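Student: all I have is the shape, not the residue letters:
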């Protein structure tokens with residue numbers, strides 16, 4: 001059986017690894033595809049040091065992103081309750097429903113923080129009242145807030 005070759009990936013390769021990862025592959029795969037396409041390079045002590053430095057920078061960047069998400073969580077939970085106005089019909093039933101975009105707009109208006117609406121989870125809301133919602137800010141950071149549905153004033 002042929003010996004495996006150790007390479008450092010210079011770009012993300014599906015089902016193999018990410019940029020900067022140290023991988024072992026078959027010699028033919030390395031010489032015929034990865035290296036000629038510029039997806040990987042052979043390992044040398046200098047390249048290994050560069051790969052380690054890149055991984056460290058990426059780790060620091062991810063920690064900074066998580067810290068920013070933690071700060072956003074603290075700000076959202078400090079405010080705690082967000083009021084959304086909706087037009088109301090009979091029996092305090094709102095027209096339509098509360099959408100994640102409605103909540104994202106209210107958060108932006110009140111805090112100045114841009115929140116991705118796809119990370120907002122709201123229960124089905126069809127009447128006035130206070131509801132719990134969760135806002136996913138990062139893979140490991142979720143803020144829990146209250147949403148109060150208020151009747152819009154009719155002119």
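Tutor: Alright, I've got the coordinates. Bear in mind that the values here come from a model prediction, so they are computed numbers and not experimental data. Numbering: from 1, shown residues only.
Student: let me see the domain layout of this structure.
Tutor: Here the domain parsing of the chain from automatic domain parsing is 5-65, 67-151.
Student: show me what contacts the residue lying closest to residue 30 once chain neighbours are set aside?
Tutor: With CB to CB, 6 or more residues apart in numbering as the measure, residue 5 is the residue that lies nearest to residue 30, at 4.6 Å, once sequence neighbours are left out. All C-beta spots, glycine's among them, are computed from the backbone N, C-alpha and C. For residue 5, the contacting residues are 24-27, 30-31, 42, taking CB atoms under 8 Å, 6 or more residues apart in numbering as the criterion.
Student: buried subset of those residues?
Tutor: Buried positions within these, assessed by neighbour count (16 or more other CB atoms under 10 Å), are 25, 30.
Student: export the contacts of residue 5 as TSV, with columns for distance to residue 61, secondary structure and pLDDT.
Tutor: Formatted as TSV, the entries for the contacts of residue 5 read as follows, by distance: CB to CB, whole Å; DSSP: H, G, I helix; E, B strand; the rest coil; pLDDT from 0 to 100:
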residue	distance to residue 61	secondary structure	pLDDT
24	27	strand	93
25	27	strand	94
26	32	coil	94
27	34	helix	93
30	29	helix	93
31	33	helix	93
42	27	strand	90
